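Chemist: got a predicted model here, sequence first, then my questions.
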Amino acid sequence: MVKPTIAVRGVSKSYGKKEVLRNVSLEVHPGHIVGLLGPSGAGKTTLVRLIAGSDEPDQGAVEVTGLRMPDLMALEHIGYMAQADALYLELSGRENMDFFGTLAGLTGRGLREGVDRAGSLVGLRDDLPRPVNQYSGGMKRRLSLAIALLHAPKVLLLDEPTVGIDPVLRLSIWDELWRYAATGASILLTTHVMDEAERCNRVALLRDGKILAHGSPADLKKETARPTLEGCFLYYGGVR
């Protein structure tokens, strides 16, 4: 049996008196795209941060590539695109990619090829010489995605990756994500957009820090006798 690349086991997390996640368990296997679907405040970003090793759970455990997080050894296998763009605005797009690529261990030809490949994927290759402070919000999201892909990680964590990106480019990015998953990579992304969730192998429906249900979009719709994932979400949330 193939082991999951990402394994979340009974994770709970609170900030002060606010319980953000409650007994959450989730797996992502090689070659799969798993969508974390839920409204703002559901706990999606917190869960991604725990998987990325940016924070620690109060209870439970998170493993990435067999390593219990947080673990510096696992970071070389993770590409992380946060919800907020962490970019150096005074630098050019290429300089940002060079910097983050170097942090990921890329040098020389490997770095140059990674920058060109990822920049082309997100439709920014011609704009890479420009300072990032001249980029639109959508262009910054695309640059953040390119940076996450630079070192060809085994695990890709994407927090609302296509916000502010036009529909045509969004489709091309999804095509590339599927090609990337086909190489054996594991992809976990958060979204509140139903049609994006439909493109995932599996979907976890998250609300108020709890996973209401998870499975393939087809299985969830069959189980609830609802034609859409939105209907599934309402069903599992108690709106019958």
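Modeler: That came through, no problem. Numbers count the residues shown, from 1 in each chain.
Chemist: for the rest of this, base every contact and every neighbour count on C-alpha atoms.
Modeler: Fine.
Chemist: could you report the neighbour count for the closest residue to Glu76 other than its chain neighbours?
Modeler: Among residues not flanking Glu76 along the chain, Ala104 sits closest, at 6.4 Å (C-alpha to C-alpha, 6 or more residues apart in numbering). Per other C-alpha atoms under 10 Å, the neighbour tally for Ala104 reads 21.
Chemist: who's in contact with stretch 56-71?
Modeler: 4-14, 23, 50-55, 73-74, 77 (C-alpha atoms under 8 Å, 6 or more residues apart in numbering).
Chemist: which of those residues fall within strands?
Modeler: Ile6, Ala7, Val8, Arg9, Gly10, Val11, Ser12, Lys13, Ser14, Asn23 (DSSP state E).
Chemist: was I right about the second one contacting Glu27?
Modeler: Yes - taking contact to mean C-alpha atoms under 8 Å, the distance of 4.7 Å between Ala7 and Glu27 places them in contact.
Chemist: hang on, the earlier thing: was I right about the residue nearest to Glu76 contacting Ile78?
Modeler: No - counting by C-alpha under 8 Å, Ala104 does not reach Ile78; the two are 9.5 Å apart.
Chemist: let's have the ones in strands among the contacts of stretch 56-71 in CSV, adding pLDDT.
Modeler: Below are the ones in strands among the contacts of stretch 56-71 laid out as CSV (pLDDT from 0 to 100):
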residue, pLDDT
Ile6, 97
Ala7, 97
Val8, 97
Arg9, 97
Gly10, 97
Val11, 97
Ser12, 97
Lys13, 97
Ser14, 96
Asn23, 96
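Chemist: identify the farthest-apart pair in the residues you listed.
Modeler: Within those, Ile6 and Ser14 form the most distant pair, 21.4 Å apart (C-alpha to C-alpha).
Chemist: so for the two, which sits in the more crowded spot?
Modeler: Ile6 (23 against 15).
Chemist: quickly list what that one is bridged to.
Modeler: Val28, Val64 (DSSP bridges).
Chemist: quick one: contacts for it?
Modeler: Leu26, Glu27, Val28, His29, Ile51, Val62, Glu63, Val64, Thr65, Gly66, Val155, Ser186.
Chemist: how about the contacts made by the fourth one?
Modeler: Residues in contact with His29 (C-alpha under 8 Å, 6+ apart) are Val2, Lys3, Pro4, Thr5, Ile6, Ser186.
Chemist: swap in 6 Å and give it another go.
Modeler: Pro4, Thr5 (C-alpha atoms under 6 Å, 6 or more residues apart in numbering).
Chemist: pLDDT score assigned to the residue positioned nearest the centre of the chain?
Modeler: Geometric centre of the chain, nearest residue: Leu158, 1.9 Å, by C-alpha atoms, centre = their mean. pLDDT, the model's per-residue confidence, is 94 for Leu158.
Chemist: can you give me the domain boundaries for this structure?
Modeler: Residue ranges for the domains of the chain, per automatic domain parsing: 1-77+153-240, 88-152.
Chemist: re earlier: wait, which of the ones in strands among the contacts of stretch 56-71 is closest to Ile211?
Modeler: Asn23 (8.6 Å).
Chemist: and for the closest residue to that closest one other than its chain neighbours, the neighbour number?
Modeler: Spatially, and ignoring its direct neighbours in sequence, Asn23 is nearest to Gly10 (4.3 Å; C-alpha to C-alpha, 6+ apart). As a burial measure, Gly10 scores 16 neighbours (other C-alpha under 10 Å).
Chemist: tell me the contacts of Gly10?
Modeler: With C-alpha under 6 Å, 6+ apart, Gly10 has these contacts: Asn23, Val24, Ser25, Gly60.
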